[in-house]
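Undergrad: turn this into a structure:
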Amino acid sequence: MRVFVTGATGHIGSAVVPELLSAGHQVVGLARTDDSAAALKALGAEARPGDLDDLDGLREAAADADGVIHLAFKHDAMMAGDIATAVEADLAALRAFREALAGTGKPFVGTSGTALLAHASAGPATEDVVLTPGPGLAARIGAEKLVAELAESAIRSSVVRLPPTVHSELDRAGFVPMLIATARNKGVSGYLGDGANRWPAVHTLDAARVYRLALERAPAGSRLHAVADEGVPLRHIAEAIGRHLDVPVAAIPQDQAEAHFGFLAAVVPLDNPARSEHTRRLLGWQPAHPGLLADLDLGHYFA
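TA: Residues are numbered from 1 along each chain as shown. The predicted structure is shown next:
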C-alpha cells in the first residue's frame, strides 16, 4: 500500500514508518519542517510538507493514498494547557480525512489512549469499553468516537489506544523521561500514596507493529489496545529510577504533589490497568520487546 502518515517523525511515527517500509509498503509522511522531511527521506519514505492546519493538503494526501495512519496531535498546545485548541485541530483533521476517504473502503488508523478509560471500569480496561466525550482531556474521546464512526462512511477505520507509557530509546519526551527529569531536579524519585496505582505500558516497536497490523487487517470500527504490560505499579517505576540515578525513593505528600511533579501531578496518581487480549487475537499480535521495568534497567534512559 501507499500509506500517508501524520506525525511521521514523532516518537511513535519514527517507529511506524520503518515498520511499514520493512513490510513492503510505500510511505508518505507529513513533514512540518525541512529537518522532518530530510529524516523521512533518509528512511526511504516520501515527505509531504504541511501540518494539521492544512486541511486541503490532508484531504489531497489521503485521497492519493491507499491508507492513512494518523499519529499527529498538537502536544505543544496540550502541554501549555490549551487542550481545547489541540482537540479541535484533531477533530478538524479527522473530518477532512472522512471527506477524502468516504466510500472508498480504504483503511484509516487513528490514535487514542487507555488513560481515558482509567475510571471506566472496576477491573483492567478492555477494548470493548466505550466512553462519552466530556470536558478537558476527556474531550479526546470525541476523536476516538469519530474514528470509529468513519466505518459508517465505508472507511475501514480502527483506533489504537496507546498506554500512557510507550517506552524505548526513541522516547525522549514521554512520561518516563519527565519522571526521570523530576527525580534528577528534586533529588528524590517520588510517587503518591502507597504507589500501588498501575500504569500500562508497551515498547515503541511493539506499538508500531499494532499500527501496521491494524492498517492491514483490522475490521472497520475496531478499537485496539497496544498494551504489553497490563499495569506496572508506579512505586516500582520510581524505585527503578531511584536506583539508576542513585537518589532516594519516597512518597510525596499529596499537598506537595503539584510542587514536586508539576504537569505530571494530574497523571502520577492514575490507576489505569488495561488488557489487550482481544487485540492480540484479532491481529495475531504478541509483544516481542522488553517490558517497561526491563527497558529501564537497560540504562538508555539514564545515559
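
Undergrad: if I look at the residue positioned nearest the centre of the chain, how far off is Thr33?
TA: Centroid check for the chain by CA atoms, centre = their mean gives Leu162 as the closest residue, at 4.3 Å. Noted for Leu162: a distance of 24 Å to Thr33, by CB to CB, to the nearest Å. (Each C-beta comes from the backbone N, C-alpha and C, glycine too.)

Undergrad: list the contacts of the residue nearest to the centre of the chain.
TA: Ile12, Thr111, Ser112, Gly113, Thr114, Val202, Ala207, Ala226 (CB atoms under 8 Å, 6 or more residues apart in numbering).

Undergrad: the fourth one contacts Val160, correct?
TA: Meaning Gly113. No. Contact criterion CB atoms under 8 Å: Gly113 and Val160 do not qualify, at 9.4 Å.

Undergrad: more neighbours: which of these two?
TA: The neighbour comparison of Gly113 against Val160 (other CB atoms under 10 Å) goes to Val160, with 27 against 20.

Undergrad: show me where the stretch 1-150 of the chain has its helices.
TA: Assigned by DSSP state H, counting those that start in this stretch, the helices in the stretch 1-150 of the chain fall at 13-22, 34-43, 55-64, 75-79, 83-101, 141-149.

Undergrad: can you give the contact residues for the third one?
TA: Under the criterion CB under 8 Å, 6+ apart, residues 2, 4, 6, 28, 30, 48, 50, 52, 68, 92-93, 96-97, 99-101 lie in contact with helix 55-64.

Undergrad: just those now: which is nearest Ala196?
TA: Distances from Ala196 to the contacts of helix 55-64, taken as CB to CB, are shortest for Thr6 (37.0 Å).

Undergrad: next, count neighbours for the closest one.
TA: 26.

Undergrad: same thing with Ala42?
TA: Per other CB under 10 Å, the neighbour tally for Ala42 reads 8.

Undergrad: from Arg48, how far off is it?
TA: Going from Ala42 to Arg48 by CB to CB gives 16 Å.
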